[in-house]
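**Student:** fold the following.
(2 chains)
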Amino acid sequence: MKEWVIETSALGKRYKGRYAVSNLNLKIGKGEIYGFLGPNGAGKTTTIRMLLGLIQPSSGAIRMFGQPLHKNKMSILRRIGSLVEYPSYYGHLSATDNLEAIRRIIDAPKERIGEVLGIVGLSKEAKRPVKGFSLGMKQRLGIAGALLGSPELLILDEPTNGLDPAGILEIRELIKSMPREYGITVLISSHLLSEVEQMAHKVGIIRQGELVFQDTLESLQQQARGCVSLRVSDAERAMVLLDGCGIDSSLAGEHLNLDGTDDAIVSRAVQELVMAGHSVYRAEERRKSLEELFLRIVGEGQG
Amino acid sequence: MMLAKAFRSDLLKIKGKGLWLLVCLAPVGLIALQVLNFGLRYDYLMKLYAEDLWGGLLDSLLMFVPIALVMGMTILSSLLANIEHYTSSWKQLLALPIPRTAVFGAKFAVAAVMLGVSCALLVVGTVVLGLALGFRAADMPVADIFALSFLPYFAAWPFLALFLWLCMTFRNQAVPLTIGIVLAVFTLFGVSEWLPVSWPMLAYTGPGQEVFVGAGLLAGAVILLVGMVHFSRKDVA
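**Tutor:** Here you go, the predicted structure:
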């Protein structure tokens, strides 16, 4: 059995009678980068706050590292580094002192401050008051703070929000290196698929508080890959025929959609249809981009 | 111990925030008022208090101690809470492996220690002022000087616990600050000995000083406990 670092079952949070998150079943495995996607207000931050014990779930349960969160909160939090929404910092303190304020609580070795500042590339700015930092630098300081306790799990809520393209690239490279170099599992939330598709192994898509997709990125790409659509004289009978020949297809109005775009399958399907007396008017490839698919998944059920 | 860790972290966070300046300023201000008072009507007051010069000085100071204490508690609580409110650091702090009771307790401890330093400075200031005014060192009522500085402080603990709780709960500090200032003014009038606003004054004047000090410490502890429990359970935005 696979060991889940985060496992939620039927997790829900209700605010004033309205569910912000409901029936959420997240499963995040060790060493994965998990992209947690959804539009603004879908419940990403609410979920992350529940995972960190900042807010109490209204229903359901959270298990992390195989233990229930509400019972072993301190020992679980010790293994997690987090950055929730925009970065928190003490503006009047230097970067080093900001990290020292955290270090005094979590008891990390003193040298670790220099190390994490090095990892996020802030060693040169260590002595400056943080209020003079750019947003990107504050964000990196936030990640440094999350890394301070040498966590096994990193929870980052929209870590690239408000960054310029160079900053986004920098953070992305940093996150990608985490599982590789340190064996850290990463949960990263975002409202942009494009942002996580280049680093995530697995994605979960949340819409109006409900998880509507959770699988590997390849599987999402699979779905996004085009299909070949055939317009034939009698789609229904054609489908039955193809089914008999072992070719999977689905009905879409007057069209027949073949799964996949494999040349051999398409040519065989056309051949079978023609041989059986069907008229094939058109065979065209329909392509969906990942982004389109994401928007469709996210857009469903609205309006 | 977790409380000690959070305490050390909080000491670092108040660095450069001017809180220590405030701690020093309050007793200096109280003493400065008496410098003015005695400076302007030195001869008159020396005659008036001729029987007991030190006692006269303490009585003159007395009126301002409770109001300064409650005001100081309000401002200090607000400033301490604001360090976390300012960039919404609560979410970062409370996601660390530390019980929320320790976080709350550490804030209280920081405020209590800082106010304690203020009170100690008031002792020093009173002694220096008295000697500077030419009062006889041999007549110095050491116990009374300490009593004036510390008994009202302990009796005012319910306010410290209350303000800290309010300031940490509400992001908008207008509510706790208003309550604090109104209550501070009420300490001047002996409303009723059953109400905590009267305790700081009564803790020095008596009768029954120890009752008021005890009641203050007890009520402070109860409010602190209730605040801790609430803070531990509330959702962090």
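**Student:** count the residues that sit near residue 122.
**Tutor:** Unless you meant another one, I'm taking chain A. Residues within reach of A:Leu122, counting by other CB atoms under 10 Å in any protein chain shown, total 22. Any C-beta I mention is one placed from the backbone N, CA and C, and that applies to glycine too.
**Student:** look at chain B instead
**Tutor:** Neighbours of B:Leu122 (other CB under 10 Å): 25.
**Student:** list the contacts for the most centrally placed residue in chain A?
**Tutor:** What sits nearest the mean C-alpha location of chain A, by CA atoms, centre = their mean, is A:Gly35, with 1.4 Å. Contacts for A:Gly35 (CB atoms under 8 Å, 6 or more residues apart in numbering or on different chains) come out as A:Ile188, A:Ser189, A:Ser190, A:Leu193, A:Val196, A:Glu197, A:Met199, A:Ala200, A:Lys202, A:Val203, A:Gly204, A:Leu217.
**Student:** which one among these gets closest to chain B?
**Tutor:** A:Ser189 (14.1 Å; CB to the nearest CB).
**Student:** let's see which of the contacts of A:Gly35 end up in helices.
**Tutor:** Taking DSSP state H, the ones among those that sit in helices are A:Leu193, A:Val196, A:Glu197, A:Leu217.
**Student:** mind checking how far the closest residue to A:Gly183 other than its chain neighbours is from A:Leu153?
**Tutor:** Excluding the flanking residues, the one nearest A:Gly183 by CB to CB, 6 or more residues apart in numbering or on different chains is A:Gly31, at 6.2 Å. To A:Leu153, A:Gly31 is 10 Å away according to CB to CB, to the nearest Å.
**Student:** same thing with A:Leu135?
**Tutor:** From A:Leu135 to A:Leu153 the distance is 25 Å (CB to CB).
**Student:** just B:Lys107 next, same as before
**Tutor:** 28 Å.
**Student:** more crowded one of those two?
**Tutor:** B:Lys107 (24 against 21).
**Student:** need the pLDDT of the residue minimising distance to the centre of chain B.
**Tutor:** Geometric centre of chain B, nearest residue: B:Leu69, 3.8 Å, by CA atoms, centre = their mean. Per-residue pLDDT puts B:Leu69 at 90.
**Student:** that older thread, the residue nearest to the centre of chain A belongs to a strand?
**Tutor:** Yes - under DSSP: H, G, I helix; E, B strand; the rest coil, A:Gly35 falls within a strand.
**Student:** contact partners of the helix or strand of chain B with the lowest mean pLDDT?
**Tutor:** Ranking every helix and strand in chain B by mean pLDDT, DSSP states H and E puts helix B:199-205 at the bottom, with a mean of 80. Helix B:199-205 is contacted from outside by B:62, B:65-66, B:69-70, B:147-148, B:151-156, B:158, B:187-188, B:190, B:193, B:208-209, B:212-213, B:215-216, using CB under 8 Å, 6+ apart.
**Student:** tell me the domain ranges of chain A?
**Tutor:** Chain A breaks down by automatic domain parsing into domains covering A:4-221, A:226-287.
**Student:** check the offset of the first one from the chain's centre.
**Tutor:** I take that to be domain A:4-221. 11 Å (CA atoms, centre = their mean, to the nearest Å).
**Student:** could you tell me the end-to-end distance of it?
**Tutor:** 24 Å (CA to CA, to the nearest Å).
**Student:** pLDDT of it, averaged?
**Tutor:** pLDDT averaged over domain A:4-221 gives 87.
**Student:** ok, back up a step: let me have the contacts of A:Gly35 in JSON lines, extended by neighbour count and distance to B:Val182.
**Tutor:** Shown next, in JSON lines, are the contacts of A:Gly35 (neighbours: other CB atoms under 10 Å in any protein chain shown; distance: CB to CB, whole Å):
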{"residue": "A:Ile188", "neighbour count": "25", "distance to B:Val182": "48"}
{"residue": "A:Ser189", "neighbour count": "26", "distance to B:Val182": "44"}
{"residue": "A:Ser190", "neighbour count": "22", "distance to B:Val182": "47"}
{"residue": "A:Leu193", "neighbour count": "24", "distance to B:Val182": "54"}
{"residue": "A:Val196", "neighbour count": "24", "distance to B:Val182": "52"}
{"residue": "A:Glu197", "neighbour count": "18", "distance to B:Val182": "57"}
{"residue": "A:Met199", "neighbour count": "20", "distance to B:Val182": "55"}
{"residue": "A:Ala200", "neighbour count": "25", "distance to B:Val182": "55"}
{"residue": "A:Lys202", "neighbour count": "21", "distance to B:Val182": "56"}
{"residue": "A:Val203", "neighbour count": "23", "distance to B:Val182": "54"}
{"residue": "A:Gly204", "neighbour count": "24", "distance to B:Val182": "51"}
{"residue": "A:Leu217", "neighbour count": "19", "distance to B:Val182": "59"}
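**Student:** of those residues, closest to B:Val142?
**Tutor:** Nearest to B:Val142 among the contacts of A:Gly35 is A:Ser189, at 62.5 Å by CB to CB.
**Student:** residues touching that closest one, list them.
**Tutor:** A:Ser189 neighbours (CB under 8 Å, 6+ apart): A:Gly35, A:Phe36, A:Leu37, A:Gly38, A:Lys44, A:Thr45, A:Ile48, A:Leu156, A:Asp157, A:Glu158.
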